[in-house]
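K.L.:
Need a 3D model of the following:
(chains A and B)
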Amino acid sequence: MEPAEGNIKSLNFIEAIIEEDLKNGKHKDKIHFRFPPEPNGFLHIGHAKSICLNFGLAEKYNGLCNLRFDDTNPTKEETKYVESIQEDIQWLGFKWHDKPYYASDYFDQLYEWAVQMINEGKAYVDEQTQETISQQRGVPTRPGTESPYRNRPVEENLELFERMKNGEIKDGSMILRAKVDMSSPNMHMRDPIMYRVLHAHHHRTKDKWNIYPMYDYAHGQSDYIEGITHSLCTLEFEIHRPLYDWFLDQVADGPRPRQIEFARLNLSYTVMSKRKLLELVNKNLVSGWDDPRMPTISGLRRRGYTPESIRDFADRIGIAKRDNVIDVSLLEFSVREHLNRIAPRVFGVLDPIKVILTNYPEDKVEVLEIENNPEDPESGKRKIPFSREVYIEREDFMENPPKKFFRLGPGSEVRLKGAYIIKCEDFKKDEQGNIVEIYCTYDEATKSGGHDQRKVKGTLHWVSVDHAIDAEIRLYDRLFLDEDPAGHKDVDFKEFLNPDSLKVLQNCKLEPSLKDAVAGDKFQFQRLGYFCVDLDSKPEHLVFNRTVPLRDSWTKNN
RNA sequence: UGCCUGAUGGUGUAAUUGGCAACACGUCUGAUUCUGGAUCAGAAGAGUCCAGGUUCGAGCCCUGGUCGGGCAACCA
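P.N.:
Modelled structure (predicted):
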């Protein structure tokens, strides 16, 4: 994963800014980033991009990165989300500076600054209705009109704001507004709201506050309080930057943070908004935030993705300002790449059909040695029992195979991997015409590792019937059938849900070494794909998730 | 019709003060393989949204367009 020597990865535009600043000695202390999630949902792969960016930059430039919960809206935020967010960041392998920070820790300071702004005539209490205020704000093409309360005396503002804080004011009946510019072409500058009245219980400050600051006011000030140097956010906040700077102007006298925007991640065949993901969860269209089909970090984790693969993915997609849609296959490439290196190879038959080796002794059991991972010489070997009856994959046999079918068919030969070359002599069908048993002979001289170098085109995975253990296997496919499910004006994204995104297979046959596998263990089921043990798995009922199939140039071309 | 912003192979990202458009994924060949995986070798694929201009020379600079994204929550 390290770039080859001489192949230095070029800087993205944010790194270019940082290096320029560093060169000019702009930052006296360490550069300081922050990742500021709102605890109102689980983190997804788009957040992973941002996490890798912020924490990654801190690592690269020997700086710091805070985790700060942007918890200014108690009506949507919950403790369970702050817990999952911390778990996900740590799982990805990043460490935040010091301790988790919270915007709510700054409510007192924010309040004081607001009072100061009132005193300086830069903020006022407005008591018009929401509709009126919205109307007065006007439209982007025409200036807004000023509120009749805009120039009310400081004393009055002070008193009213105090009453708002003390809980004497009804929700929605008064707000504190910054006095900026009602005629600005930037709607965010038309006297933005700083505080609203909310008699809501906050997950941390409990019932202390009856007013809560808005994002625009709280965010930049929080950055400033924490000494953030680079405040990275997504493109939709670009238009907020003048306001971000304006609020900073009101209080800052030292070095101030600089907001830089980059394009958020879009992934094909999925949705990436917390609102939509929440909807899938609430309507039970998925099993939860960590459903393996979800693009959440917890979903990917349960699906069998590794932190390394996600960080590698984040690395590959880069950072820029133009809108982008990354193909999910790139994410899949990253997991395969990592799992190929680390996942032990095992045999598992998803759709078993019995093969009987007619010339193999009835009671004989051979213990064969097979290497665990040809990609990893350190991984050693394991023992696997072989006997007269084995299961192979149903689709590895065809009664009338096409020309280039390298597997089993009447009269043809294949190798059972790690064992012998076998030849199909006959097969049996039931009344419905389904093949139920295949009869083969084995060639004793072709035992794996022996001297006979006879080659056959096909190699199959298999499991000894008497030694097989049963398992449930969950096969996942993309959650949506449309490349951009949320991109249709007239069709709800849920219309594009893939009805076959989950297939549960029972009575799959696995090699006995898998008996003690525990949740999270990852394997390559030879010739099939990468699988991991699911959270639901129990010793008496193993459950595996398919993380991703192997690349397959056969089915792709047929 | 206002403001902000972007445009480079199919996808994503590069291209130092203007100097032969590069890398990765994908695709296609071939080699190799006891995984139709992996690996290795190679190829095709853009002349940089358009039109002008400056320059010996423009993806980079200038002018004017076109197209895409965002902005009018007491959300973040």
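
K.L.:
what comes up buried for stretch A:203-212?
P.N.:
By neighbour count on 16 or more other C-beta atoms under 10 Å, the buried set for stretch A:203-212 is A:203-205, A:209-212. No exception for glycine: its C-beta is placed from N, CA and C like everyone else's.

K.L.:
filter these by proximity to RNA strand B?
P.N.:
Under the cut-off given by C-beta under 7 Å from any atom of the strand, RNA strand B has A:Tyr212 from the buried residues of stretch A:203-212 close to it.

K.L.:
What helices and strands are in contact with the host helix or strand of A:Cys52?
P.N.:
Using DSSP states H and E, A:Cys52 falls within helix A:45-60. Helix A:45-60 is packed against helix A:13-23, strand A:32-35, strand A:64-69, helix A:79-92, strand A:230-234, helix A:297-303, helix A:307-317, with contacts defined by 3 or more C-beta pairs under 8 Å, 6 or more residues apart in numbering; DSSP states H and E.

K.L.:
List the buried residues in it.
P.N.:
Applying a neighbour-count criterion of 16+ other C-beta under 10 Å, one finds A:45-58 buried in helix A:45-60.

K.L.:
again, but for stretch A:450-469
P.N.:
A:458, A:460-465, A:467-469.

K.L.:
distance between it and the chain's centre?
P.N.:
38 Å (C-alpha atoms, centre = their mean, to the nearest Å).

K.L.:
With stretch A:83-92 instead?
P.N.:
Mean-position distance between stretch A:83-92 and its chain equals 11 Å (C-alpha atoms, centre = their mean).

K.L.:
Next: stretch A:10-24.
P.N.:
Its chain's average C-alpha position is 28 Å from that of stretch A:10-24, according to C-alpha atoms, centre = their mean.

K.L.:
Is it positioned near RNA strand B?
P.N.:
Yes. Residues of stretch A:10-24 are located near RNA strand B by C-beta under 7 Å from any atom of the strand, namely A:10-13, A:16.

K.L.:
List the buried residues for that stretch?
P.N.:
By neighbour count with 16+ other C-beta under 10 Å, stretch A:10-24 contains the buried residues A:12, A:14-15, A:18.

K.L.:
likewise stretch A:136-149?
P.N.:
By 16+ other C-beta under 10 Å, the buried positions in stretch A:136-149 come out as A:136-137, A:144, A:147, A:149.

K.L.:
Quickly check: that stretch near RNA strand B or not.
P.N.:
Yes. If you take C-beta under 7 Å from any atom of the strand as the test, stretch A:136-149 does meet RNA strand B, through A:137, A:139-141.

K.L.:
and which of the residues you listed is nearest to A:Asn282?
P.N.:
Among those, A:Arg137 lies closest to A:Asn282 (C-beta to C-beta), at 32.1 Å.

K.L.:
Could I get the contacting residues of the closest one?
P.N.:
A:Arg137 is in contact with A:144, A:182, A:187, A:190-191, counting by C-beta atoms under 8 Å, 6 or more residues apart in numbering.

K.L.:
Now a ChimeraX select for only the buried ones of these.
P.N.:
Of the contacts of A:Arg137, the buried ones go into a single ChimeraX selection, burial set by 16+ other C-beta under 10 Å:
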select /A:144,182,190,191
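
K.L.:
Return the member of the contacts of A:Arg137 nearest to RNA strand B.
P.N.:
Lowest distance from RNA strand B to the contacts of A:Arg137 (C-beta to the nearest atom of the strand) belongs to A:Met187, with 3.6 Å.

K.L.:
Leaving out the residues flanking it, which one is nearest to that closest one?
P.N.:
Excluding the flanking residues, the one nearest A:Met187 by C-beta to C-beta, 6 or more residues apart in numbering is A:Pro140, at 5.9 Å.

K.L.:
which element is A:Ser329 on?
P.N.:
helix A:328-342.
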